[in-house]
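A.B. asks: return a 3D structure for these sequence lines:
(2 chains)
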Protein chains: 2
Amino acid sequence: MDHIEDNEQFAGLSVSKGIEKPPMVNPYAIRRPKRRQYTVHEYVEGILKGDISILSQAVTLVESTNADHYAVAQEVIEKCLPYSGNAIRIGITGVPGAGKSTFIEALGTYLVGKGNKLAVLAIDPSSERSKGSILGDKTRMEELSASKQAFIRPSPSSGSLGGVARKTRETSILCEAAGFNMVFIETVGVGQSETAAHSMVDFFLLLQLTGAGDELQGIKRGIMEMADAIVINKAEGNNIDKAKLAQRQLKNALHLFPPHESGWEPQVLTCSAFHKTGMEEIWKMVEEYMAFTKANGSFGAKRKKQNKYWMYESINEQLKNNFYNNPVISGKLADFEQRVLRDEISSFSAAQKLLDEYFKAKG
Amino acid sequence: MDHIEDNEQFAGLSVSKGIEKPPMVNPYAIRRPKRRQYTVHEYVEGILKGDISILSQAVTLVESTNADHYAVAQEVIEKCLPYSGNAIRIGITGVPGAGKSTFIEALGTYLVGKGNKLAVLAIDPSSERSKGSILGDKTRMEELSASKQAFIRPSPSSGSLGGVARKTRETSILCEAAGFNMVFIETVGVGQSETAAHSMVDFFLLLQLTGAGDELQGIKRGIMEMADAIVINKAEGNNIDKAKLAQRQLKNALHLFPPHESGWEPQVLTCSAFHKTGMEEIWKMVEEYMAFTKANGSFGAKRKKQNKYWMYESINEQLKNNFYNNPVISGKLADFEQRVLRDEISSFSAAQKLLDEYFKAKG
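C.D. replies: Take a look at the predicted model:
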């Protein structure tokens, strides 16, 4: 089967399918050999052997919007599933400017230096528009990018948050089956992506800057309460005292929050990603967290809960897609919304009328 | 039309419909007159005149699960809608024991004493099981219950959070049309109900106790960040110093939170609901909030956003109900969930298989 017919297709360079005349063929052009096609079995075998080239191509399948690719990707994922799950999954978030890339470079090289294999993924549904706002620029992760023990993949760029989150989670399964024992999932602190990331990682880390006045400026409400740790970056030079002050303030504030379900008390640490200081303490904390949550059973319980969550979340997401993309509905939605905003019809009554139309059309 | 055929029906006292023999009739029994039936026009007219008895019966219609009642209720609501919206809507939450009923009695009588008309509603989907955990016991609101200017209605008890929230919001519309210029919506601080309440009020107040150590024990994570104000109750006698300390700590903590969308900085106040002290300060703050958010336009913007939110929320809720109550799905769901939990199938693949079945069954 030809699953990947042309690599350019994924880069959006393929010619329109609506073309009528056969395309001109230049007989003098060098004919590049087609990329080797793999069967499901070959994909799985390659991934389990840790073949990075095959892993990359499998991830491309996962990210493809082509239905055939989707079907093959699902088979590959299902066969890899029993070999996944042994990695530590860490979510890393923070507003632009907090130094996420530099931090991932610092913590990542520290971990790789200790013999670990690290996959760095991202959830960023806006990346198509902003052209890779995160992880797009591998130059900020120079050392890590060059390492054979690291696999860095920018956020899949197509479609909704739900779609992007699904692809990132599936990619994580493949990476884990390929022997990566650590997975970072990066997001930009805007809210929705963090909830998605938080629902697929074991440990959620908020990277924070210290600044005059409002220490948490720009971070969406609610994210602070999700964090298992807040790490204050750029604790260096003149900034060290400020960072220590912010650390004390945040510690006091977190103490007033209700406790995490796991019983874990969120920590506040400082570091300098630029000078690569503080990485050992941060990793020691993550290890403590792992030991703590594995001992009290909350580690496994959380993973099971996450698996369940994603099943229901995917269902709900697709039910919505099917409704809102229905031509009968999409033609009337804006009008109903306006009538609701003008108080001509109650929110509930508008919803009911649209639902009646939808289910009538479905038969 | 006979919309309310038998008042007992609403109290859950009606006899089973599966009965085969005609019911025995006791010719000597006193035949109570049937309650007077109203037309949509009469309901609306009565409500707009502020007739409490008709308002009560209209609310009963809103809460009914009978399809005919539902249709009439929707007509009544739609006709009342243009007359609603002039009330201040306040959400009040706090864990059991924080003294919500006593607080509502204190603040409520204060407001009623100043000539206001106050409706007190609740969202508590658990109330069916727990038999009216909140507002069920009007004895805690003795003075308010006796007032002709107050309308107290316990949480509708049937069904899902979405259903309960819808009914509470619709009841609020009717109350506002009946001239109630203030609406309290009470919830118990367990998380989901607070999100619902927060999405239908102008001002969200968290009632808190001061205690040794963890001041926020029991409050679900995330609720603190929703609050426009935290009021520390039982600031009385020996407890006053503790309350003042908690107030200072909370003020510092809230300062570290990202700002509210409206620009409003959440306040921390103390009161004694039992001694009815602190009510004037609390109300002054609410008035400041109203003035502030009306001046910067966020008051109206928030209401519009809420109307829109509830339209989409109702649609999404019903899409889910239709899916999960489908017999094909409900028969297979548990099995798929188990396979996901045993890592035999990925969350996304399980979701896809169930969705395929559903849409195939729908045709």
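
A.B. asks: element containing A:Lys167?
C.D. replies: helix A:161-177 (DSSP states H and E).

A.B. asks: now do that helix: which elements does it pack against?
C.D. replies: helix A:40-49, helix A:52-63, helix A:67-80, strand A:118-122, strand A:182-188, helix A:192-198, helix A:298-324, helix B:347-362 (3 or more C-beta pairs under 8 Å, 6 or more residues apart in numbering or on different chains; DSSP states H and E). Every residue, glycine included, has its C-beta placed from N, CA and C.

A.B. asks: between the ones you listed, which gets nearest to A:Gln249?
C.D. replies: helix A:192-198 (21.8 Å; C-beta to C-beta).

A.B. asks: for that closest one, enumerate the helices and strands it packs against.
C.D. replies: Using 3+ C-beta pairs under 8 Å, 6+ apart, helix A:192-198 sits against strand A:88-94, helix A:161-177, strand A:182-188, strand A:203-209, helix A:223-226.

A.B. asks: so what's the gap between it and the chain middle?
C.D. replies: Computed by C-alpha atoms, centre = their mean, to the nearest Å, the chain-centroid distance of helix A:192-198 equals 8 Å.

A.B. asks: buried ones in it?
C.D. replies: Neighbour-count burial for helix A:192-198 flags A:Ser193, A:Glu194, A:Thr195, A:Ala196, A:Ala197, A:His198 (criterion: 16 or more other C-beta atoms under 10 Å in any protein chain shown).

A.B. asks: chain B: which of these is nearest?
C.D. replies: Nearest to chain B out of these is A:Thr195 (C-beta to the nearest C-beta; 10.8 Å).

A.B. asks: now the closest one. Nearest residue, chain neighbours left out?
C.D. replies: In space, and not counting its chain neighbours, A:Thr195 is closest to A:Met226: 7.8 Å by C-beta to C-beta, 6 or more residues apart in numbering or on different chains.

A.B. asks: does the one you found touch A:His198 like I think?
C.D. replies: Yes: with contact defined as C-beta atoms under 8 Å, A:Met226 reaches A:His198; the gap is 5.1 Å.

A.B. asks: now do the shared contacts for these two.
C.D. replies: Common neighbours of A:Met226 and A:His198 (criterion: C-beta atoms under 8 Å, 6 or more residues apart in numbering or on different chains): A:Phe204.

A.B. asks: sorry, back to before: what about the residue nearest to A:Thr195, neighbour count?
C.D. replies: 19 (other C-beta atoms under 10 Å in any protein chain shown).

A.B. asks: can you check the pLDDT for it?
C.D. replies: We have a pLDDT of 86 for A:Met226.

A.B. asks: burial count for A:Gly50?
C.D. replies: 13.

A.B. asks: I'd say it and A:Ala178 touch.
C.D. replies: Yes: between A:Gly50 and A:Ala178 a contact is recorded at 5.2 Å, counting by C-beta under 8 Å.

A.B. asks: touching, A:Val62 and A:Ala73? I think so.
C.D. replies: Yes: counting by C-beta under 8 Å, A:Ala73 is a contact partner of A:Val62 at 4.6 Å.

A.B. asks: pick out whichever of those two has more residues nearby.
C.D. replies: Neighbours were counted for A:Val62 and for A:Ala73 using other C-beta under 10 Å; A:Ala73 has more, 26 against 23.

A.B. asks: how much space separates the more buried one from A:Thr195?
C.D. replies: 24 Å (C-beta to C-beta, to the nearest Å).

A.B. asks: ok, now which ones touch A:Val254?
C.D. replies: Heads up, residue A:254 is Leu, not Val. A:Met224, A:Ile230, A:Glu265, A:Pro266, A:Val268.

A.B. asks: just the buried residues of the residues you listed.
C.D. replies: Buried among the contacts of A:Leu254 by 16+ other C-beta under 10 Å: A:Met224, A:Ile230, A:Pro266, A:Val268.

A.B. asks: chain B: which of these is nearest?
C.D. replies: Checking the buried ones among the contacts of A:Leu254 one by one against chain B (C-beta to the nearest C-beta), the nearest turns out to be A:Met224, at 7.0 Å.

A.B. asks: in contact with the closest one, which residues?
C.D. replies: A:Leu206, A:Leu216, A:Ile230, A:Leu254, B:Glu225, B:Leu256, B:Phe257, B:Pro258.

A.B. asks: give me the neighbour count for A:Ala87.
C.D. replies: 21.

A.B. asks: kindly report the same for A:Thr277.
C.D. replies: Count around A:Thr277 with other C-beta under 10 Å applied: 14.

A.B. asks: what does A:Glu287 give?
C.D. replies: 11.
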